[in-house]
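Enquirer: fold the following and give me the result.
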Amino acid sequence: MNAIDLLAQTAKEAGCRVLRNEPMCLHTTFKIGGPAELFLTVFDREAVQKVYRAAAELNIPVLPLGNGSNMLVSDAGVRGAVVAFSGAFREIDLTGETTVECGAAAALAAVCAFARDHALTGLEFAWGIPGTAGGAAFMNAGAYNGEMKNILLRCTHITKTGEFGSAEGAALSLGYRRSVYMETGATILSLTLQLEKGQKDRIARCMDEIYERRRSKQPLELPSAGSVFKRPPGFFAGSLIESCGLKGRRVGGAMVSEKHAGFIVNTGGATCADVLALIEIIQKTVLERTGVALECEVKTIG
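Expert: Alright, predicted model coming up:
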């Protein structure tokens, strides 16, 4: 029995769902990606600890998966184990008058709706971001003058070797599209958010306005991974790309969105190679014509 077989057996005994050679295009918002050697779904802390410890002992790489947004997976797929989170990791609870605790796999939209329904304000900016709460904390997601840094109190996590821990306050090292978890490689399991009392109808109205702004400006009708590039100091990536005449530029099935140049969309059958080639064209063109170097926000896997 090889290492992958041993990990699959451990995961199955721990109550996980186990799949072999699962196409990652089924699990990413870009609808791109080859097969995962092993695709595991964990439902509780005990199971995730057993999986992470076994993977570490067997020297098998682990890729934690949220909603599959903000990532571009290789056409060749992912070696090792992809671990998806469900069950207890999707729960959302009110733990204080204005504090919300949620599992990392809870959809960010569901957490926003929970806050609205409990008349709690502070999370409206995240309405419509297509990711999980854990993913939002991992990259300190932000939009419309808000960011996770403003409301994130604490995260619990599991290290690569299967040890539980937590980080809060300054230890989270939250900055523009970054957190301490990008450095440590630990996987976020839950979040505690500090919100404020508000008026439910006003919160709902704000959320509706934000969603309408997203819908009118962003290509939500086509698969994408969200904004491809980080915002360069003093500029907007989309504006720079548009000024270089790159809207509608295509490589295979990948295209610079005609609605918002900061997005690359999958018009049908796009491959990872298509997207990477298009990213290279964009970066080279923008640098030559404007002198600005664009840095990718989308994480390339495999």
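
Enquirer: ok, which stretches of this structure are helices?
Expert: According to DSSP state H, the chain carries its helices in the segments 3-13, 45-57, 108-117, 133-138, 181-184, 200-217, 237-243, 272-290.

Enquirer: name the stretch among these that sits most buried.
Expert: Neighbour counts averaged per stretch over the helices of the chain are highest for helix 133-138, at a mean of 28; criterion: mean count of other CB atoms under 10 Å. From N, CA and C alone the C-beta is placed, and that goes for glycine too.

Enquirer: helices and strands around that helix, which ones?
Expert: Applying 3 or more CB pairs under 8 Å, 6 or more residues apart in numbering; DSSP states H and E, one finds that helix 133-138 contacts strand 99-103, helix 108-117, helix 181-184, strand 187-194.

Enquirer: same thing but 10 Å
Expert: Helices and strands in packing contact with helix 133-138 are listed as strand 62-65, strand 99-103, helix 108-117, strand 152-158, helix 181-184, strand 187-194; criterion 3 or more CB pairs under 10 Å, 6 or more residues apart in numbering; DSSP states H and E.

Enquirer: still on that earlier bit, of all the helices of the chain, which one is nearest residue 170?
Expert: Distances from residue 170 to each of these were compared using CB to CB; the shortest belongs to helix 181-184, at 14.0 Å.

Enquirer: what helices and strands are in contact with that closest one?
Expert: In this structure, helix 181-184 packs against helix 133-138, strand 152-158, strand 164-168, with contacts taken as 3+ CB pairs under 10 Å, 6+ apart.

Enquirer: mind checking the pLDDT average for the shortest one?
Expert: Mean pLDDT, strand 164-168: 97.

Enquirer: please convert the helices and strands packed on helix 181-184 to TSV, extending it with distance to residue 252.
Expert: As requested, the helices and strands packed on helix 181-184 are arranged in TSV below (distance: least, CB to CB, whole Å):
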stretch	distance to residue 252
helix 133-138	27
strand 152-158	38
strand 164-168	41
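
Enquirer: no more questions from me, cheers.
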